[in-house]
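In: next input, structure requested:
(chains A and B)
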Amino acid sequence: MKIIAVLAFIVVSVATPITRWQAFIAYFAAIIAVSLIAKIPTLTLFTRALIEIPFIFFAILMPFFGTGERFEVGPLNLYRESLLAAAGIVVKGTLGVLSAVVLSTSTTARELLRGLEKLHLPKLMVQIAAFMLRYVNVINDEMERMKVARESRGFIATGIKDWKVIATAASALFIRSYERGERVHLAMLSRGYTGVLPHDVSEGATLRTWAQGLALPIFAALILLITTVIG
Amino acid sequence: MTTQPSLLIEELAFAYPDGNQALFGVNLRIERGERVALLGPNGAGKTTLVMHMNGIHPAEHGKVSVAGEVIDTTDKDLLRRIRGKVGVVFQDPDDQLFMPTVGEDVAFGPYNMGIRGAELDKAVDDALALVHMSEFKDRPPHHLSFGQRRRVAVATVLAMKPEILVLDEPSSNLDPAGRRELAEILRSLDVTIVMVTHDLPYAFELCERAVILSGGVIVADGKTGDILKDQALLAQHRLELPVGFSL
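Out: Numbering: from 1, shown residues only, chains lettered A, B, ... in the order given. The predicted structure follows:
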């Protein structure tokens, strides 16, 4: 349900031409409002959104390389076309990331998986994601223990010459995880696994939750409509 | 009551695909309600034998029967029934607990047996109550202590109401209190128990009967007390009582 809402919101905001800047202000306001309703601290929202930085890095460079009409901002020599495109990427990207962050912070990973299952994502993919969720801690612990064991014997990673050791450890970890996978599968077979995981029957989304959930994308679509009419 | 033994293994031999032969004709009969310790050094074929008890490995030579039914790994329906009857608790609870929450994991086995709805809930609640873990039903397994995870692993199998409970090294990595708690739980259960271990005092504490598997055959079978008193026998098969422990 929430997944659909977020996807819809992203589609609407991506569909909005970047020149309608008023619409984007409204979108940002909407996202912040939703996060406030979901009681997510704004600081958390923004620190988590920082992961998009590597992705928008190139977008920021775009205005400096391009063709067509040029204009100067202080010492900088920019291209209008690419500036617009870059702004589009940055703004739309940020919106998408923010809405995804709101989704992931307000929803437990398990509910997300349930949601994906309900959206009829292939069962196998959902199962793989569920297993990843379960074992990421186990493998992380294992990695930590291997690191401690390495360091207890006087190994300190200082530079490129130590990569060989780390690569060996990584491959050992990979093989161990693979073997664990085999053991888990055996354990599953021992309890009669036939290819389906049990799940509780959770009630479908009611009309009310649909209305609540879709409020955000519908609001965004309205904004798009209004700015198109006015502009 | 039938007079069928819970588990009957006849002339079982098995070699791994790489040619490494693990079992050379094992004969074992375990009656209903018995608690039997399966002792043996590392590499004796204990785990291989366990894998035969619920049909993970097909019997290449000889047969394995559970409560009178001969295991035939090509018969899927039979195999499902057998796996409901023989509950295997593996050594590493992290291998066994793979669902997001304890409750869902305990539900996994009975679900595969075709149990649904209120009956499924009851099976889960009952099994968790047996191992005193009811309040952890909605917790993810990685937040539990090792001893708690081991107990949940036992519950995941108990939920299937097995005829035989097979435990692979149940006392490994447990602290003394965890060992005692698990022992109390196991003693309170009304099932046939096969306990694979080289923790001899634990075997003595829980099982009236012990068998030694060494080199792929059963080399000794008798009262646990008698077997553990036979120092020469133990030494011959790389088994030792802890220092200072005597019967």
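In: tell me the contacts of the spatially most central residue of chain B?
Out: Per C-alpha atoms, centre = their mean, the C-alpha nearest to the average position across chain B is that of B:Val166, at 1.3 Å. B:Val166 sits next to B:Val50, B:Met53, B:Asn54, B:Val86, B:Gly87, B:Val88, B:Val89, B:Ile193, B:Val194, B:Met195, B:Val196 when contact means C-beta atoms under 8 Å, 6 or more residues apart in numbering or on different chains. From N, CA and C alone the C-beta is placed, and that goes for glycine too.
In: rebuild those as a markdown table, extending it with secondary structure and neighbour count.
Out: Output for the contacts of B:Val166, formatted as a markdown table (DSSP: H, G, I helix; E, B strand; the rest coil; neighbours: other C-beta atoms under 10 Å in any protein chain shown):
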| residue | secondary structure | neighbour count |
| --- | --- | --- |
| B:Val50 | helix | 22 |
| B:Met53 | helix | 25 |
| B:Asn54 | coil | 26 |
| B:Val86 | strand | 28 |
| B:Gly87 | strand | 26 |
| B:Val88 | strand | 26 |
| B:Val89 | strand | 25 |
| B:Ile193 | strand | 23 |
| B:Val194 | strand | 25 |
| B:Met195 | strand | 24 |
| B:Val196 | strand | 24 |
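In: near chain A, which of those show up?
Out: Checked against chain A using C-beta under 8 Å from any C-beta of the partner chain, the contacts of B:Val166 give the following subset in range: B:Asn54, B:Val86, B:Gly87, B:Val88.
In: greatest separation within those residues: which pair is it?
Out: Based on C-beta to C-beta, the longest span within the ones next to chain A among the contacts of B:Val166 runs between B:Asn54 and B:Gly87 and measures 8.1 Å.
In: what's the burial count for residue 84?
Out: No chain was given, so I picked chain A. Residues within reach of A:Leu84, counting by other C-beta atoms under 10 Å in any protein chain shown, total 15.
In: nope, chain B
Out: If you count neighbours by other C-beta under 10 Å, B:Gly84 ends up with 22.
In: so for it, what's the pLDDT?
Out: The confidence metric pLDDT takes the value 88 at B:Gly84.
In: about what we covered before: for the residue nearest to the centre of chain B, helix, strand, or coil?
Out: For B:Val166, the secondary-structure state derived from DSSP: H, G, I helix; E, B strand; the rest coil is strand.
In: let's have the contacts of B:Val166 in JSON lines, adding distance to B:Phe204.
Out: Shown next, in JSON lines, are these (distance: C-beta to C-beta, whole Å):
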{"residue": "B:Val50", "distance to B:Phe204": "21"}
{"residue": "B:Met53", "distance to B:Phe204": "23"}
{"residue": "B:Asn54", "distance to B:Phe204": "26"}
{"residue": "B:Val86", "distance to B:Phe204": "24"}
{"residue": "B:Gly87", "distance to B:Phe204": "23"}
{"residue": "B:Val88", "distance to B:Phe204": "23"}
{"residue": "B:Val89", "distance to B:Phe204": "20"}
{"residue": "B:Ile193", "distance to B:Phe204": "14"}
{"residue": "B:Val194", "distance to B:Phe204": "16"}
{"residue": "B:Met195", "distance to B:Phe204": "11"}
{"residue": "B:Val196", "distance to B:Phe204": "15"}
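In: for chain A, what are the nearby residues on chain B?
Out: For chain B, the residues found near chain A under the criterion C-beta under 8 Å from any C-beta are B:51, B:54, B:56, B:80, B:83-84, B:86-88, B:90, B:92, B:94-101, B:104, B:107-109, B:111-113, B:120, B:140-142, B:156-157, B:160.
In: keep only those of those residues that are in helices.
Out: Within these, residues falling in helices by DSSP state H are B:51, B:80, B:83-84, B:94-96, B:104, B:107-109, B:111-112, B:120, B:156-157.
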